[in-house]
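A.B. asks: Dropping a prediction and its sequence here:
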Amino acid sequence: MAAKKRKTAKRRGKAAERKFEVKAEVANFTLAKAKSAVRLQIYSRHEKFGELEIGRGSLRWWSARSPTEHRISWDQFSRLMEESADGKK
């Protein structure tokens with residue numbers, strides 16, 4: 001039996017450049033203990049964009065350009081996402 005040739009799709013132009021890169025630091029994967037969290041370092045085109053910390057009680061955001069922490073509870077986050085999905089601002 002003759003081997004079949006596989007057709008490969010030709011790429012059109014350049015491959016899309018990644019806009020963001022995310023690096024994770026996991027303190028305690030199950031997040032069972034107080035003060036345990038997952039911290040994500042977010043980069044945009046090799047420059048730090050900010051850090052997002054996901055914990056049991058809240059989400060925290062630190063912008064790369066500002067030392068101020070922005071904290072949001074899970075209830076607030078849920079409402080924000082529901083409003084965003086509904087098209088409200």
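C.D. replies: Here it is on my side, so go on.
A.B. asks: Can you tell me the closest non-neighbouring residue to A37?
C.D. replies: Leaving out its chain neighbours, the residue that sits closest to A37 by C-beta to C-beta, 6 or more residues apart in numbering is G55, at 3.9 Å. Every C-beta, even on glycine, is put in place using the N, C-alpha and C of the backbone.
A.B. asks: Quick check: beta-bridge partners of the closest residue to K19 other than its chain neighbours?
C.D. replies: The spatial neighbour of K19 that comes closest, neighbours along the chain excluded (C-beta to C-beta, 6+ apart), is S44 at 6.3 Å. On the basis of DSSP bridges, S44 takes part in beta bridges with F20, E47.
A.B. asks: For A85, see how far away S44 is.
C.D. replies: 25 Å (C-beta to C-beta, to the nearest Å).
A.B. asks: Among those two, which residue is more densely surrounded?
C.D. replies: Legend: neighbour count by other C-beta atoms under 10 Å for S44 and A85, higher for S44 (13 against 8).
A.B. asks: Now do that one against A64, distance only.
C.D. replies: Distance from S44 to A64, counting by C-beta to C-beta: 9 Å.
A.B. asks: Give me the neighbour count for H46.
C.D. replies: When neighbours are counted by other C-beta under 10 Å, H46 registers 7.
A.B. asks: so what's the closest residue to it other than its chain neighbours up against?
C.D. replies: Residue nearest to H46 in three dimensions, not counting chain neighbours: E21, with 7.6 Å by C-beta to C-beta, 6+ apart. By C-beta atoms under 8 Å, 6 or more residues apart in numbering, the residues touching E21 are 42-44, 46.
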